[in-house]
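Q: got a sequence here, can you model it:
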Amino acid sequence: MLKTNRSLLAFILLSIITLGIYPLFFWHKYAKEMNVACGGDGKHTRGIIFRIIVGAITFGIYEFVWLYSAGDRIAYYCAKRNLPCKTSGGSVLLWFIFGSMLFGIGPFVAMYKLFNGMNTVCSDYNGRGRSAGANVTVNVNVPNA
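A: The predicted structure follows:
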């Protein structure tokens, strides 16, 4: 069963209590669960180690790419399953970048959108069973008669 109760408040509190270590574990698990739930879409969400390394090489630009990709992947899953979802790559990125100018709350709104969207995806995946995100291909060979 994938986690369906991600909370922004719990994330913030645990980040403070663990002096910033908790987000590393959180985002690692988030990426793994996204890859499980959205497994049939042909995309792959990179984990935290890759984000840190490539983020450092690109001077933080990759973080924007990752945020957009995660939001876009959630939106694609929800559209495919006809689920109500207010998360998209563009909205996450806009809140993260431009929302920072609104008293610094933009990144928190972006994270809330990612948490809420992923809760929706995982809830649907859990309800549909383990194969919800995977495409199934069946080959039937019929001998010529």
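
Q: for the rest of this, base every contact and every neighbour count on C-alpha atoms.
A: Noted.

Q: could you pick out the longest helix of the protein?
A: Once the chain is assigned using DSSP state H, the helix that runs over the most residues is helix 106-128.

Q: need the helices for this structure, in chain order.
A: Under the criterion DSSP H, helices of the chain are mapped to 8-17, 22-37, 48-57, 61-81, 89-97, 106-128.

Q: tell me which of those helices sits nearest to residue 2.
A: Closest approach to residue 2 among those is made by helix 106-128 (5.7 Å; C-alpha to C-alpha).

Q: quick one: contacts of the closest one?
A: With C-alpha atoms under 8 Å, 6 or more residues apart in numbering as the contact definition, helix 106-128 has outside contacts at 1-8, 33-34, 37, 70-71, 74-75, 77-78, 85-87, 91-93, 95-100, 131-133.

Q: what comes up buried for that helix?
A: Of the residues in helix 106-128, 106-126 count as buried by neighbour count, 16 or more other C-alpha atoms under 10 Å.

Q: lovely, talk soon.
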